[in-house]
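K.L.:
fold the stuff below for me.
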Amino acid sequence: MASGLVLHISQAGWRGAVTAGAGTLVGFTVFLIFYLLKGMGAGDLKLMAGFGSLLGPSVILCAAWIAAVVGALIGVGYAVGISVWRRHLAGAGAQVPQAETIPYAPAIVAGAWLAEVALG
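P.N.:
Next up, the predicted model:
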């Protein structure tokens, strides 16, 4: 968050500080409901706030939508992969580890990067 603040202040002065602050607030609040419902960790929430500081309020909204799509694709890929793994290992008698969560940071990073490339 500090790097976004420094970047925007160096580029646009106090208006840049407002942009960085608004982006941080939007990035934080976009995923706050998922954190409160225990569907996302605090690290993911802070990562989104940090990207909001760098990208600004309008681009971080686009990044959140892209992150949601990428996260859904990762989740589907994980579910299919585990299903195939279980079927393959079931005959061998091996235990398939159970994961309670899927890391969401890769989806957030991909969303921020793709939004910056598209809207940058």
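
K.L.:
least trustworthy helix or strand in this protein by mean pLDDT?
P.N.:
helix 57-90 (a mean of 88; mean pLDDT, DSSP states H and E).

K.L.:
got the contact list for stretch 18-26?
P.N.:
Contact with stretch 18-26 is made by 1, 4-5, 7-9, 12, 49-50, 52-57, 59-61, as judged by CB atoms under 8 Å, 6 or more residues apart in numbering. Glycine gets a C-beta too; all of them are placed from N, C-alpha and C.

K.L.:
I misspoke; the intended subject was stretch 59-68.
P.N.:
23, 26-27, 30-31, 48, 51-52, 55, 104, 107-108, 110-112, 114-116, 118-120.

K.L.:
can we see that at 10 Å?
P.N.:
22-28, 30-31, 34, 44, 47-49, 51-55, 104-116, 118-120 (CB atoms under 10 Å, 6 or more residues apart in numbering).
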